[in-house]
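1. Any chance you can model this:
(2 chains)
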Amino acid sequence: MKESLKTTGAPSLEELRNSPGFPTREQLRKGPVAIIECIEEIPCNPCEASCPQGAITIGENITNLPKLDFEKCIACGMCIAACPGLAIYIKDYTYSETMALLSFPYEYYPLPQVGDTVQAVDRHGKYVCDAKVIRVRNPKSNDHTAIVTIEYPKEHFDEVVSIKRIVMP
Amino acid sequence: MIEVELAIVGAGPAGLSAAIEARRAGAEVLLIDENSRPGGQLFKQIHKFFGSRAHKAGTRGMNIGTELLRESKELGIKTWLKGEVCGIEDGHKLWVVIDRNRSEFVKAKKIILATGATENAVSFPGWDLPGVMGAGAAQTMINVHRVLPGRKVIMLGSGNVGVIVAYQLLQAGAEVVAILEAAPKLGGYGVHTAKVARAGVPLYVSHTIKRAFGTDRVEAVEIVELDEQFKQITGTERTLEVDTICIATGLTPLTELAWLAGCKFNYIPALGGHLPIHDHKMRSTQPDIFIAGDISGIEEASTAMEEGRLAGINAACELGYITQEEAENRSREIWDSLNSLRSGYFGQKRRDSKDLMLQKGKEVIK
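-> Residues are numbered from 1 along each chain as shown, chains lettered A, B, ... in the order given. Okay, here's the model as predicted:
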């Protein structure tokens, strides 16, 4: 059977590219942008109101898929912690000559620390490469959904979506 | 014998919401729950809820629970805890056993049953070993009592309960060895499965548990692949080292009191099986008994709260605290919200089943 969200648990790139919250290759290469991995019609809309730019549209019918207007998105990251499904992150291909940037939601303790070397993983939790923690934000308004920012080598730009959970010794 | 206008059985999301609406309208309410704390399962829902932003979506379930308790306290809703409702007579009289040692009888003009649901079990050799438990039980242990049931867990069932509890077990510090799903497709919301998948948890469709091994407790589990007819495929067995087996294979509505009260039932598998017939007002076939939440069909806390509000508003209306017109207007708004919660890939089936139930209600309830 073909690998898909409903057989492996993680969306395939093909499924994502067919959804309205996933940027095209060109949009991804332009600069920092939000990426919404929400490909199933579930009744949920907090992301829409969280966007100060009005770049996310769901509409009256709350099972509509979130549609992202990539021209309006300024990659502020307000949507990341607002998404109950932890399905939104921000990537920046233009961060440096060799490195890309990823900001993603993280709800495990202990939190990684700035400067830590962590293991970047793909959608199946498979180790892809090492990454460095650049920033950890955990304001009260996020209600315990921390946002971790890592830098990692550009050649792994597409695969990396998170990091391996740091397990307490 | 204590007399009240409205007795509500169950202080979960449905019962609390019903109590708040009815009390706010002016009705005298007695809320009864068998647990030592109100809130039902809300306080173990540490994840952010889906739904509409207008209805607290994005808020963690436990915080919604805190909010409901604050409102019920502000309204001075009388609440009996550790109160097991063991009987119901003449459609109006409740036999309540308090603290397991003393009986109270409550005569109520109206009753709302918001009794919730219980977890389904699955049997296999070794299922009686310590370490085999319902996913909901594991969730209570980690999120309410802060005790880790084990270090290496396998989850049977990939519905939302299975994947959410698997995620919360990871958060609590356990390792989740695998999530098994008997069907050829995973059951839960994709955003939930994606969350555990990227945490490195393998999800296996067309798989189940063949048996559990262990002397004093679970030490390992044998899993097996299933064919399209859900038959085990010999030769595909694999043994995984685990110390905990969580069962998340659906819920069954707790309908005993409705049966006792003589409510008529309808069988709707998609909503959990035998359910008391009810109408748009959440009224059962017993004229003074309303139902709300999982007893009227297995769904989520967000729908349970809306149904509770419906039952509370309509009970208060029949008690004379709200005009017919106001009750109808407010009910319509709630139905709009329920319909939007019951749409899309996951909701439509529930919507269709609910429509069947309401149709039946229309025929049977006068």
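2. So what's the residue count around residue 8?
-> I'll assume chain A. 21 (other CB atoms under 10 Å in any protein chain shown). Just so you know, the C-beta spots here come from the backbone N, C-alpha and C atoms, and that holds for glycine as well.
3. should've been chain B
-> 33.
4. got the contact list for it?
-> B:15, B:18-19, B:22, B:29-32, B:111-112, B:114 (CB atoms under 8 Å, 6 or more residues apart in numbering or on different chains).
5. partner residues bridging it?
-> B:Leu31, B:Ile112 (DSSP bridges).
6. B:Cys317 versus that one, what's the distance?
-> 16 Å (CB to CB, to the nearest Å).
7. Next one: the closest residue to A:Pro52 other than its chain neighbours relative to B:Ala197, how far apart?
-> Counting by CB to CB, 6 or more residues apart in numbering or on different chains, the nearest residue to A:Pro52 once its immediate chain neighbours are dropped is A:Met78, at 6.1 Å. Using CB to CB, A:Met78 is found at 25 Å from B:Ala197.
8. Neighbour count for these two, which is higher?
-> B:Ala197 (24 against 19).
9. my guess is that one contacts B:Leu203, does it?
-> Yes: the criterion here is CB atoms under 8 Å, and B:Ala197 meets it with B:Leu203 at 6.2 Å.
10. Now do the shared contacts for those two.
-> A:8-9.
11. if we can go back for a sec, of the contacts of B:Ile8, which pair is most distant in space?
-> B:Ala22 and B:Ile32 (13.9 Å; CB to CB).
12. between those two, which one's more packed in?
-> B:Ala22 (33 against 23).
13. residues contacting the more buried one?
-> Neighbours of B:Ala22 in contact, by CB under 8 Å, 6+ apart: B:6, B:8, B:29, B:312-313, B:315-316, B:319, B:321.
14. Export the residues you listed as JSON lines, with columns for pLDDT, secondary structure and distance to B:Ala137.
-> Listed next are those as JSON lines, based on pLDDT from 0 to 100; DSSP: H, G, I helix; E, B strand; the rest coil; distance: CB to CB, whole Å:
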{"residue": "B:Leu6", "pLDDT": "98", "secondary structure": "strand", "distance to B:Ala137": "32"}
{"residue": "B:Ile8", "pLDDT": "98", "secondary structure": "strand", "distance to B:Ala137": "25"}
{"residue": "B:Val29", "pLDDT": "98", "secondary structure": "strand", "distance to B:Ala137": "30"}
{"residue": "B:Gly312", "pLDDT": "98", "secondary structure": "helix", "distance to B:Ala137": "30"}
{"residue": "B:Ile313", "pLDDT": "98", "secondary structure": "helix", "distance to B:Ala137": "34"}
{"residue": "B:Ala315", "pLDDT": "98", "secondary structure": "helix", "distance to B:Ala137": "33"}
{"residue": "B:Ala316", "pLDDT": "98", "secondary structure": "helix", "distance to B:Ala137": "36"}
{"residue": "B:Leu319", "pLDDT": "98", "secondary structure": "coil", "distance to B:Ala137": "38"}
{"residue": "B:Tyr321", "pLDDT": "98", "secondary structure": "coil", "distance to B:Ala137": "39"}
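15. Can the worst-scoring helix or strand of chain B on mean pLDDT be said to contact chain A?
-> Sorting the helices and strands of chain B by mean pLDDT, DSSP states H and E puts helix B:344-364 at the bottom, at a mean of 94. Yes: applying CB under 8 Å from any CB of the partner chain, one finds that helix B:344-364 is in contact with chain A at B:344-347.
16. Farthest-apart pair in the residues you listed, please.
-> B:Tyr345 and B:Gly347 (7.6 Å).
17. what touches both of the two?
-> A:Thr63.
18. and the residue nearest the centre of chain A, what is it in contact with?
-> With distances taken as CA atoms, centre = their mean, chain A has A:Tyr89 as the residue nearest its mean C-alpha position (1.9 Å). Shown in contact with A:Tyr89 (CB under 8 Å, 6+ apart): A:34-35, A:37, A:80, A:102-105, A:161-162.
19. In helices only, show me those residues.
-> A:Ile80 (DSSP state H).
20. count of residues packed around the nearest residue to B:Glu181 once chain neighbours are set aside?
-> By the measure of CB to CB, 6+ apart, the closest residue to B:Glu181 outside its immediate chain neighbours is B:Ser158, 3.9 Å from it. Other residues within reach of B:Ser158, judged by other CB under 10 Å, total 29.
21. Just the helices from the stretch 151-300 of chain B, written as ranges.
-> For the stretch 151-300 of chain B, the helices defined by DSSP state H, counting those that start in this stretch occupy B:160-171, B:190-198, B:256-260.
22. Return the most buried member of these.
-> Ranked by mean neighbour count, the helices of the stretch 151-300 of chain B are led by helix B:190-198 with a mean of 26 (mean count of other CB atoms under 10 Å in any protein chain shown).
23. Count the neighbours of the closest residue to B:Cys317 other than its chain neighbours for me.
-> Nearest residue to B:Cys317, sequence neighbours excluded (CB to CB, 6+ apart): B:Ala327, at 3.7 Å. As a burial measure, B:Ala327 scores 20 neighbours (other CB under 10 Å).
24. Can you tell me the SS state at B:Ala327?
-> helix (DSSP: H, G, I helix; E, B strand; the rest coil).
25. now do the one 4 residues further on
-> Using three-state DSSP as the criterion, the local structure at B:Ser331 reads helix.
26. So for it, what's the nearest residue that isn't a sequence neighbour?
-> B:Leu310 (5.8 Å).
27. secondary structure element for the one you found?
-> helix B:301-318 (DSSP states H and E).
28. Could you list the low-confidence segments of chain A?
-> A:1-2, A:169 (pLDDT under 70).
29. between the contacts of B:Ile8, which has the most around it?
-> Top of the contacts of B:Ile8 by neighbour count (other CB under 10 Å): B:Ala18, with 36 neighbours.
30. Flag every buried residue along stretch B:337-355.
-> B:337-338, B:340-344, B:346-347, B:350-351, B:353-354 (16 or more other CB atoms under 10 Å in any protein chain shown).
31. Just the pLDDT for the nearest residue to B:Glu222 once chain neighbours are set aside.
-> Excluding the flanking residues, the one nearest B:Glu222 by CB to CB, 6+ apart is B:Lys210, at 4.4 Å. B:Lys210 carries a pLDDT score of 98 in this model.
32. check contacts around B:Lys354.
-> B:271, B:297, B:342.
33. now with 10 Å?
-> Neighbouring residues of B:Lys354 by CB atoms under 10 Å, 6 or more residues apart in numbering or on different chains: B:268, B:270-271, B:278, B:296-297, B:299, B:303, B:307, B:338-339, B:342, B:347.
34. Ok, B:His280 next?
-> Here B:His280 is in contact with B:310, B:314, B:328, B:331-332, B:334-335, B:358, B:361-362, B:365 (CB under 10 Å, 6+ apart).
35. Per-residue pLDDT of it, please?
-> Each residue has a pLDDT score; the one for B:His280 is 96.
36. Same question for B:Thr236.
-> On the pLDDT scale, B:Thr236 gets 98.
37. That one and chain A: what is the separation?
-> To chain A, B:Thr236 is 15 Å away according to CB to the nearest CB, to the nearest Å.
38. roughly how far apart are that residue and B:Glu222?
-> For B:Thr236 relative to B:Glu222 (CB to CB), the value is 10 Å.
39. Name the residues contacting each of the two.
-> B:Lys210.
40. quick one, which of the helices of the stretch 151-300 of chain B is nearest to chain A?
-> helix B:190-198 (2.9 Å; CB to the nearest CB).
41. mean confidence score for that closest one?
-> On average, helix B:190-198 scores 98.
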